[in-house]
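Colleague: What follows is a protein structure lacking sequence information:
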């Protein structure tokens, strides 16, 4: 279908003029979206974009490099706590604090990448899982991190706080624009990276690490780099998340969160940037909006209430979101291993040659 | 004090080991890390709780009924979720079992609610027997040791001498060759899941007797048991039990010295150990070839 005739066609950011035009239209739509949406939906959009950044980053590690991580909530937590604490104690401007915190997360990613050189499959899963739990426990223990009570994010200041350079951003709409710019930059960055030497090295490691090594891909550098890049993305996402929700405690960053991140990229589609974005949007929407008050859903809600009264408990109906997410995860792997991206590809193929 | 800590650590460790064996049996035969193991045990324990408290039947009826339920649950999960997946990747299998975990956790929360309950177990933690001067062991510990030894010996005999056990080992080594030899591989998988679910349910009841019963109670023990299994090497069953014992002892002694770091010290030790020995302490490390 898409034949690539030379190298430059492969590394192009946009395949054709049509795609470029539609991308610009989409961006204009996103930048004006805040005007005609109510405030709560803007909050939801902010959470979605944070998760998009994280899912794109996790997909670099899991989908493109073929490693497993059950500890991304740890990097997420490092980003969130790092950004807030650097701003509170050192009075750095927001962007500088965000980048420093993300770099700290990347260093941790590099450290976790070192044992990952020798581990694979379940062994890597347990190592990353242990890392996530350790981070959660440490921030819950040390007083500088606010302990179990959690901390409140400082005012989002793009300039230097307490001086004439101060430029405080408040309200969901303004934060929306800030996050949107960062998200677009991060997504384009990831897409670009996958088209360079580094991205191709990642993919060769996923397909066969031994063959990759034979062809001259330095496994030590690229595996740890993949962990570091992925952790950097998680750190940026975490830093933004802290300001979206305003308040967070160590238990926000538990194992379930790491699992949800994995679900996003699996449901969306492993090894594709667009899949990660679609998965993050779907899962976040399901979790924060659709499945939050399941008894108010049309048609299904009444039925679920009847079932609850007869065989289950009404108070436990809130657990239905967990059931639905579990079923979605299982169904995606069984019926469509490529995820939503695979469905999208099939639709595209069908319409491309439509009358035939 | 030292003996008490040692015995308690060994008892907890045996429990981790038992649960780790449940994980390892599935991993050995079908290369699946079953993340739903903890929740399968949790649901089985809740069923036992339900039978005991709602229907008010004695323990010796409730226990076999729960065991039957656990066997059916294991078979059902294998049949409904794992079997339909067409040659899935390692990550795909992981996602399926994680999905099953969330599904079971949601179902248990829906049915029994999130409040913590006391599990009326036959062996109590508080009733103690003095076996030597200054050395008291509670009934729970005795039960764990007896059960672990019984299960280990019977597993050894099963895998060594029974036809089914040999078929399981054959499936583990090479699925296609086993098929050619006339082994019904799918039936072997089903039986494996049933066995694992059974052992997991027994271990989960012991955990429940020690702590409280709620939909999240198996999360922590499962991760410890999984870590212990990885420490011992997932493919060697005695290794898994020894890994569990090491884990229990480390955790108990460190927990005594620095109580606030108890939940993570075992993980740190395990990450360090598998960095040095990537396949665990007791499993043979195979170099992968192209």
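Modeller: Yep, that arrived. Because the structure is a prediction, the values reported are computed rather than measured. Numbers count the residues shown, from 1 in each chain, chains lettered A, B, ... in the order given.

Colleague: okay, now residue A:327: neighbour count?
Modeller: Each residue near residue A:327 was counted by other CB atoms under 10 Å in any protein chain shown, and the total is 16. All C-beta atoms are positioned from the backbone trio N, CA, C, and that covers glycine.

Colleague: That one contacts residue B:106, correct?
Modeller: No: contact criterion CB atoms under 8 Å: residue A:327 and residue B:106 do not qualify, at 9.3 Å.

Colleague: So, low pLDDT: which residues of chain A?
Modeller: Along chain A, segments meeting pLDDT under 70 span A:1-2, A:161-165.

Colleague: To clarify, my last question referred to the stretch 1-150 of chain B.
Modeller: Counting by pLDDT under 70, the stretch 1-150 of chain B contains low-confidence ranges at B:131-134.

Colleague: Show me where the stretch 101-250 of chain A has its strands.
Modeller: A:151-152, A:156-157, A:168-169, A:247-248 (DSSP state E, counting those that start in this stretch).

Colleague: Of these, which stretch is the most buried?
Modeller: Mean neighbour count, computed with mean count of other CB atoms under 10 Å in any protein chain shown, is highest for strand A:156-157 among the strands of the stretch 101-250 of chain A, reaching a mean of 20.

Colleague: which other helices and strands contact it?
Modeller: strand A:168-169 (3 or more CB pairs under 8 Å, 6 or more residues apart in numbering or on different chains; DSSP states H and E).

Colleague: What are the contacting residues of the strand it packs on?
Modeller: With contact meaning CB atoms under 8 Å, 6 or more residues apart in numbering or on different chains, strand A:168-169 is reached by A:155, A:156, A:157, A:158, A:161, A:175, A:178.

Colleague: What of stretch B:262-279?
Modeller: Contacts of stretch B:262-279 (CB under 8 Å, 6+ apart): A:114-115, A:118-119, A:123, A:126-127, A:129-131, A:133-134, A:137-138, B:220, B:224, B:227-228, B:230-231, B:233, B:235, B:247, B:250-251, B:254-255, B:258, B:280-281, B:285-286.

Colleague: Quick check: residues of the stretch 1-150 of chain B near chain A?
Modeller: Taking CB under 8 Å from any CB of the partner chain as the measure of proximity, the stretch 1-150 of chain B contacts chain A at B:27, B:33, B:81, B:84-86, B:88-96, B:98-114.

Colleague: if you set the cut-off to 6 Å instead, what comes out?
Modeller: B:33, B:81, B:84-85, B:90, B:92, B:95-96, B:98-99, B:102-103, B:105-106, B:109-111, B:113 (CB under 6 Å from any CB of the partner chain).

Colleague: In three-state terms, label residue B:33 for me.
Modeller: Put simply, residue B:33 is coil when judged by DSSP: H, G, I helix; E, B strand; the rest coil.

Colleague: Figure out the helix or strand that the closest residue to residue B:164 other than its chain neighbours lives in.
Modeller: Nearest in space to residue B:164, with sequence neighbours left out and distances taken as CB to CB, 6 or more residues apart in numbering or on different chains, is residue B:191 at 6.8 Å. Assigned by DSSP states H and E, residue B:191 belongs to helix B:185-210.

Colleague: list the buried ones in that helix?
Modeller: By 16 or more other CB atoms under 10 Å in any protein chain shown, the buried positions in helix B:185-210 come out as B:185, B:188-210.

Colleague: Residue A:74 touches residue A:130, doesn't it?
Modeller: No: Residue A:74 is beyond contact range of residue A:130, at 9.6 Å (criterion: CB atoms under 6 Å).

Colleague: of these two, who's got more company?
Modeller: residue A:74 (31 against 25).

Colleague: could you say what helices and strands the helix or strand harbouring that one packs with?
Modeller: Per DSSP H and E: residue A:74 is located in helix A:72-90. Packing partners of helix A:72-90 (3 or more CB pairs under 6 Å, 6 or more residues apart in numbering or on different chains; DSSP states H and E): helix A:94-116, helix A:122-141, helix A:219-245, helix A:255-268.

Colleague: want to throw those helices into a markdown table with distance to chain B?
Modeller: A markdown table is the format used below for those (distance: least, CB to the nearest CB, whole Å):
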| stretch | distance to chain B |
| --- | --- |
| helix A:94-116 | 4 |
| helix A:122-141 | 4 |
| helix A:219-245 | 13 |
| helix A:255-268 | 5 |
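
Colleague: Serialize those to a markdown table and add fields for distance to residue B:138.
Modeller: Formatted as a markdown table, the helices and strands packed on helix A:72-90 follow (distance: least, CB to CB, whole Å):
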| stretch | distance to residue B:138 |
| --- | --- |
| helix A:94-116 | 38 |
| helix A:122-141 | 29 |
| helix A:219-245 | 44 |
| helix A:255-268 | 31 |
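
Colleague: What count of nearby residues applies to the residue lying closest to residue A:244 once chain neighbours are set aside?
Modeller: Nearest non-adjacent residue to residue A:244, counting by CB to CB, 6+ apart: residue A:46, 4.5 Å away. Using other CB under 10 Å, residue A:46 is surrounded by 23 other residues.

Colleague: what's the helix or strand for residue A:46?
Modeller: Secondary structure assignment for residue A:46, by DSSP H and E: helix A:39-59.

Colleague: Can you give the contact residues for that helix?
Modeller: Residues outside helix A:39-59 that contact it (CB atoms under 6 Å, 6 or more residues apart in numbering or on different chains): A:34, A:72, A:172-173, A:176, A:179, A:183, A:186-187, A:190, A:230, A:233-234, A:236-237, A:240-241, A:244, A:261, A:264-265, A:273, A:276-277, A:279-281, A:284, A:288.
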